[in-house]
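Engineer: Could you work out the structure for the sequence below:
(chains A and B)
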Amino acid sequence: MTTRASASPATRSLISDQELARPRYRAAYFTVLTVTTVLFAAAFLFPLYWMASSALETPREFAAQTPTLLPKSVHVAAYRDAWSQMDIAHFFLNTVWYAAGGWLIQISVDVCAAYALSKLRPAFGKAIFAGMLASLMLPSAALLVPAYLTVSDLPLVHLNLLNTPWALWLPGAANAFNIYVLRRFFDQIPGELLDAASIDGASRLQTLLRVVLPLSRSVLAVISIFAVVGMWKDFLWPLLVLQDPDKQTLSVALHRLSTSTTQVPPTEMIAGLSIAAVPMIVLFLFFQRHILGGLSAGALKG
Amino acid sequence: MATSLAPHRPGPPAAPSHGRTGALTARHARLRRRLADNALAYGFMAAGIVCFAVFSWYPLVRGIMLSFQQDNLITAPQWVGLDNYHHLFDDPLFWTAWKNTAEFTGLALLLGYAVPFVIAVLLNELRHFTAYFRIAVYLPVMLPPIVSVMLWQFFYDPGGGLFNTALRGAHLPTSQWIQSPDTAMISLVLVSTWANMGGATLMYLAALQAIPGELFEAAELDGAGLWARLRYVTLPQMRFIMLVLLLLQIISTMQVFIEPFQLTGFTDPSTITVMTLIYRYAFAVNNDFGLAASMSVLLFAVLGVFAALYLRLTRETD
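Structural biologist: Modelled structure (predicted):
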């Protein structure tokens, strides 16, 4: 214990390592540790386990008075039926398509805008940037109705984007948080580097693609993850703009199926929920460092 | 190369031998160069500006205008002055929605504000399984909200739901959860808190880790016990982030939608909120976009106060 304390004095918190070394503190510490570990498992992991395993039970076992924590025998039928009969596959692919397209458009639009604001510094750039940031202060709720009307009949061109992916993609591209984070990152890239590239004959676009973007991999990763997660989790906006059942996202379809008159067996519905949750859980386990890091980095300025 | 260097040189003529014409061409070149740079910059920003203009700036203006209009998408919009607002104030649901929203926000803060703080302080002291704790507490945040809410819908089932089964197992009285007006609101708050508290917890944790260790060391040397250190070192150091999170949570919980929408519907007066009422006015019952817009404007005005406070708070420390 003492070696740890001297090795890393910077990580000192409320309780010191010396205090923890005392028997009474040690006993208390391990009690608290055990209780917290169990409580976390019960509160945060168990519901997910319940979701994944209940879908493996037969509808009869699921409905039984005494619940079984381990399915008596494993039935993948609910997952299979959810995937094909409930058409979860279709809504899953819809959501993948919306998320992928939304990611691409959001990244290209926001990177270009941030690059121009940071490195080309045009006239009125500051005012435009302020206008974009102001939208962060605007609760999405306030825009719900007028944004819906706008999407249903675009000003000047009078296009109706309802029930098309564009209704999700284009408003999603107006993301001030991305532009703010990217601009701050680009500001740190020394101008000399860009000048050197332009002396070598690179155009502004080439400089962006060959110099700025490779240097920005980490921040692009964070933004990409948040873009995909955001699209996958979104509910209210897709609910409004994608009313055609065929075009819906997985979240909206699950809501619709849960309230429709045709009764879906509960195990099948729970299987649907699991399928909707899996990509986000996998993404999180793969990129948890990026996600948790990006959370605390961007948190205060969000 | 010579022309491209010229703009960097400020002030009068660069080449005196050419006299006035030299100065003019130099100035022309500079102007052309700056115009070209600006044109290029606006080219890069065009898509972004259009997206913001069409989907953020214009809807804001339109929303305010709409709140003074009657618009059902069928007949042409008509200016009706303050009629929409009068209608709102006459609708008993309007007052119920605000009361419920305030109740939800209050309860959500009580739980969602205090619990993550306690958990973060605790996790900051635990020296084992740190990755496990972080991943576990943040997992629900990753779930699509409809998944969390529908999952809890199964848990809340008054008959064979997990909660009542557990209560029966412990020989405790069971509850109707979302199906009784007495417990519906707190049931919504519980799901919402479960699903969202990971974010606040990890932000608190990051702030706790930023507290310089010497402060605790010095306090300890001065004889401060555990509670004194918590009270006189941790809490004052956390004041800023606690204030920021308070404002952010007020802003987000006042926009609560999916919990009442999925669990109790947008017609149940015991849980109707500002957002579900907006939905009901515009999309579900009335098809009255003007009325919904005026409700949005009021919500915007209330949230604007908190947003302005937030802005001031984070500006000052920049």
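Engineer: Pull out the buried positions in stretch B:214-233.
Structural biologist: B:215-216, B:219-220, B:224, B:229-230, B:233 (16 or more other Cβ atoms under 10 Å in any protein chain shown). In this view, the C-beta of every residue, glycine as well, is placed from N, C-alpha and C.
Engineer: Kindly apply the preceding question to stretch B:54-62 instead.
Structural biologist: By neighbour count on 16+ other Cβ under 10 Å, the buried set for stretch B:54-62 is B:54-60, B:62.
Engineer: swap in stretch A:13-30?
Structural biologist: By 16+ other Cβ under 10 Å, the buried positions in stretch A:13-30 come out as A:13-17, A:20, A:29.
Engineer: Please apply the same query to stretch A:111-128.
Structural biologist: So for stretch A:111-128, counting by 16+ other Cβ under 10 Å, buried means A:111-120, A:122, A:125, A:128.
Engineer: Counting only helices, which of the residues you listed make the cut?
Structural biologist: Among the buried residues of stretch A:111-128, the ones falling in helices (DSSP state H) are A:111-115, A:125, A:128.
Engineer: Out of those residues, the closest to chain B would be?
Structural biologist: Nearest to chain B among those is residue A:113, at 3.3 Å by Cβ to the nearest Cβ.
Engineer: tell me the pLDDT at residue B:139?
Structural biologist: pLDDT recorded at residue B:139 is 96.
Engineer: Look at it and say how many residues are nearby.
Structural biologist: By other Cβ atoms under 10 Å in any protein chain shown, the residues close to residue B:139 number 21.
Engineer: among the buried residues of stretch B:214-233, which are in helices?
Structural biologist: B:215-216, B:219-220, B:229.
Engineer: Check these one by one and keep those near chain A.
Structural biologist: B:216, B:220, B:229 (Cβ under 8 Å from any Cβ of the partner chain).
Engineer: Could you see whether chain B lies near the helix or strand harbouring residue A:182?
Structural biologist: Using DSSP states H and E, residue A:182 maps to helix A:176-187. Yes. Interface with chain B: helix A:176-187 contributes A:176, A:179 (Cβ under 8 Å from any Cβ).
Engineer: Could you confirm whether any residue of the following helix or strand past that helix contacts chain B?
Structural biologist: Going down the chain from helix A:176-187, the next helix or strand is helix A:191-199, by DSSP H and E. No. Contact between helix A:191-199 and chain B is absent, the nearest approach being 9.0 Å (criterion: Cβ under 8 Å from any Cβ).
Engineer: which outside residues touch helix A:191-199?
Structural biologist: A:119, A:204, A:206-207, A:210-212 (Cβ atoms under 8 Å, 6 or more residues apart in numbering or on different chains).
Engineer: Then stretch A:88-104?
Structural biologist: With contacts defined as Cβ under 8 Å, 6+ apart, stretch A:88-104 is touched by A:82-83, A:165, A:168-169, A:172, A:224, A:227-228, A:231-232, A:238, A:246-251, A:253-254, A:271-272, A:275-276.
Engineer: Show only the entries of the buried residues of stretch A:13-30 found in helices.
Structural biologist: Going by DSSP H, the helices hold A:17, A:20, A:29 from these.
Engineer: Against residue A:29, how distant is the first one?
Structural biologist: Residue A:17 sits 11 Å away from residue A:29 when distances are taken as Cβ to Cβ, to the nearest Å.
Engineer: pLDDT wise, what is the residue in the stretch 101-250 of chain B positioned nearest to chain A at?
Structural biologist: Chain A sits closest to residue B:213 of the stretch 101-250 of chain B, with a gap of 3.0 Å, by Cβ to the nearest Cβ. The per-residue pLDDT reported for residue B:213 equals 88.
Engineer: Just give me the neighbour total for it.
Structural biologist: Residue B:213: 16 neighbours (other Cβ under 10 Å).
Engineer: I'd guessed it sits against residue A:15; true?
Structural biologist: No. With contact defined as Cβ atoms under 8 Å, residue B:213 and residue A:15 do not form a contacting pair (11.4 Å).
Engineer: quick revisit: now do the closest residue to the residue of the stretch 101-250 of chain B closest to chain A other than its chain neighbours, the pLDDT please.
Structural biologist: Spatial nearest neighbour of residue B:213, excluding adjacent residues (Cβ to Cβ, 6 or more residues apart in numbering or on different chains): residue A:12 at 3.0 Å. With respect to pLDDT, residue A:12 has a value of 80.
Engineer: can you check residue B:76 too?
Structural biologist: Taking residue B:76 on its own, its pLDDT is 80.
Engineer: quick one: which helix or strand includes it?
Structural biologist: Going by DSSP H and E, residue B:76 is not in any helix or strand.
Engineer: quick one: it from chain A, how far?
Structural biologist: Distance of residue B:76 to chain A, given as Cβ to the nearest Cβ, to the nearest Å: 13 Å.
Engineer: before we move on, what about residue B:265?
Structural biologist: 9 Å.
Engineer: same thing with residue B:257?
Structural biologist: Taking Cβ to the nearest Cβ, one finds residue B:257 at 5 Å from chain A.
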